[in-house]
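Trainee: Here is my input, please return the structure:
(one chain, ligands or ions: 1)
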Amino acid sequence: MTRLPLRTRRSLLDLDDLAAEEFQEIFARTTAFERGKIEKRLEDVACVNLFFEPSTRTFTSFNLAELRLGADVVNLTPRDLSYMTKGETIEDTMLTLAAMGVGVVVVRHPEDGFPAKMAMQFDGHVINAGDGTHAHPTQALLDLYTMLEEFHSLRGRTVVVVGDVLHSRVAHSLIVGLRRLDAQTVLVGPEAFVPIEYGRDGVRVERDLDATLPSADAVLLLRIQRERFTSVPISDEEYIARYRLDASRLGRLRESAIVMHPGPYNRGIELEESVLRFRGWRYSRQVMHGVGVRMAVLDLLVTGT
Ligand code: CP
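Mentor: Got it, this is the predicted structure:
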């Protein structure tokens, strides 16, 4: 497949079609922005944030990123939309926003592929802020950036992703990014959350967390996405016994290993409180990088320079 440079694309829907050098371009911009090299590069650009699902991290950090770049920012909630209550189609909504001069729509939606559908109808940039179980590209970028801050390169590094991979859009985008950056990905969880079919080049499926921890450079914990299925296929007791990261399991990690979580995390289920005090716990770094990474993505998409 011929990869187009990011700057000629209109939207960021997933990481699939970013080449390795495009990741590096985003990361370099993130670093520059975080070091204070901020110009009002989105002055006169109107950004609409449209979240059909709750969000703390992604919503706030996109807002901050847009404001820091000097954009005009409009936050729409679903109840504000004529699309939801008055029979307007999403196509007509997008046409309407474009006619007002809106240049960027950041969207989160429970349906897989909804941002792609919007992008088809929009003369502007759509950024996927999480769609169903499909993808969450900016979260994956900030997770990768956090790992790179630690290890400089991910080539040959082992990243262990633990838990409900099947329903996690974060994991799905992260797997794409880790493969692209030549990391070794190990997915750990019960069959119901990590089907064997996930195994492929550069991605291994394991069931035994204790056995995988000693080789991990980074461990990324996932929340059980209870809102995405009706009956949980494993009891909390069994999950905790087999997969919760606790003090004893932290003791199996290398001195240099880091532990991450995209948030929101559930204390007592996927992690024990002691993890929050662990020397390698990097959750706050992830959240912090979320602003810079989203500034970088906005800047590249909109200005391309
Ligand atoms: N990680 C993440 O997407 O968090 P929010 O749902 O709070 O945006």
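Trainee: doesn't residue 103 fall inside a strand?
Mentor: Yes. The assignment for residue 103 (DSSP: H, G, I helix; E, B strand; the rest coil) places it in a strand.
Trainee: and it, how far is that from residue 220?
Mentor: Computed as Cβ to Cβ, to the nearest Å, the residue 103 to residue 220 distance reads 33 Å. (Glycine included, C-beta is placed from N, CA and C.)
Trainee: Give me the more crowded residue out of those two.
Mentor: Between residue 103 and residue 220, counted using other Cβ atoms under 10 Å, residue 220 has the larger neighbour count: 26 against 21.
Trainee: Flag every residue of the stretch 101-250 of the chain that's near the ligand.
Mentor: 130, 139 (Cβ under 6 Å from any ligand atom).
Trainee: Tell me which residue in the stretch 101-250 of the chain sits closest to the ligand.
Mentor: Of all residues in the stretch 101-250 of the chain, the one sitting closest to the ligand is residue 139 (5.1 Å; Cβ to the nearest ligand atom).
Trainee: If you tally nearby residues, what's the number for that residue?
Mentor: Residues near residue 139, counting by other Cβ under 10 Å, number 26.
Trainee: buried ones in the strand or helix carrying it?
Mentor: Element membership for residue 139, per DSSP states H and E: helix 137-151. Using 16 or more other Cβ atoms under 10 Å as the test for burial, helix 137-151 gives 137-151.
Trainee: just checking, what packs against the lowest-mean-pLDDT helix or strand in the chain?
Mentor: None of the helices or strands of the chain scores lower by mean pLDDT, DSSP states H and E than helix 82-85, at a mean of 79. With contacts taken as 3 or more Cβ pairs under 8 Å, 6 or more residues apart in numbering; DSSP states H and E, helix 82-85 sits against helix 90-99.
Trainee: where's the helix it packs on relative to the chain centroid, distance-wise?
Mentor: Put simply, helix 90-99 sits 26 Å off its chain's centre (Cα atoms, centre = their mean, to the nearest Å).
Trainee: Show me what it is packed against.
Mentor: Applying 3+ Cβ pairs under 8 Å, 6+ apart, one finds that helix 90-99 contacts helix 82-85, helix 114-120.
Trainee: Buried deepest among those helices, which one?
Mentor: helix 114-120 (a mean of 20; mean count of other Cβ atoms under 10 Å).
Trainee: what's the next secondary structure element after that helix?
Mentor: strand 125-131.
Trainee: So for that next one, what gets flagged as buried?
Mentor: By 16+ other Cβ under 10 Å, the buried positions in strand 125-131 come out as 125-131.
Trainee: From the chain's centroid, how far away is the strand or helix carrying residue 300?
Mentor: Assigned by DSSP H and E, residue 300 belongs to helix 283-302. On the basis of Cα atoms, centre = their mean, helix 283-302 sits 11 Å off its chain's mean C-alpha point.
Trainee: elements contacting it?
Mentor: helix 20-34, helix 57-68, strand 102-109, strand 125-131, helix 137-151.
Trainee: Can the second one be said to contact the ligand?
Mentor: Yes. Remark: helix 57-68 sits within contact range of the ligand at 57-59, by Cβ under 6 Å from any ligand atom.
Trainee: Tabulate those (TSV), appending neighbour count.
Mentor: Formatted as TSV, the residues of helix 57-68 next to the ligand follow (neighbours: other Cβ atoms under 10 Å):
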residue	neighbour count
57	16
58	24
59	17
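Trainee: As CSV, these with pLDDT would be great.
Mentor: Formatted as CSV, the residues of helix 57-68 next to the ligand follow (pLDDT from 0 to 100):
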residue, pLDDT
57, 98
58, 98
59, 98
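Trainee: List the contacts of residue 164.
Mentor: 171, 189, 193, 222-225 (Cβ atoms under 8 Å, 6 or more residues apart in numbering).
Trainee: Most neighbours out of these, which is it?
Mentor: Neighbour-wise, those (other Cβ under 10 Å) top out at residue 171, 31 neighbours.
Trainee: From what I see, residue 148 and residue 159 are in contact.
Mentor: No. Look at residue 148 against residue 159 with Cβ atoms under 8 Å: they stay out of range, at 11.5 Å.
Trainee: Please report the distance of residue 45 from residue 103.
Mentor: Going from residue 45 to residue 103 by Cβ to Cβ gives 5 Å.
Trainee: shared neighbours of the two, anything?
Mentor: Here residue 45 and residue 103 share the contacting residues residue 302, scored by Cβ under 8 Å, 6+ apart.
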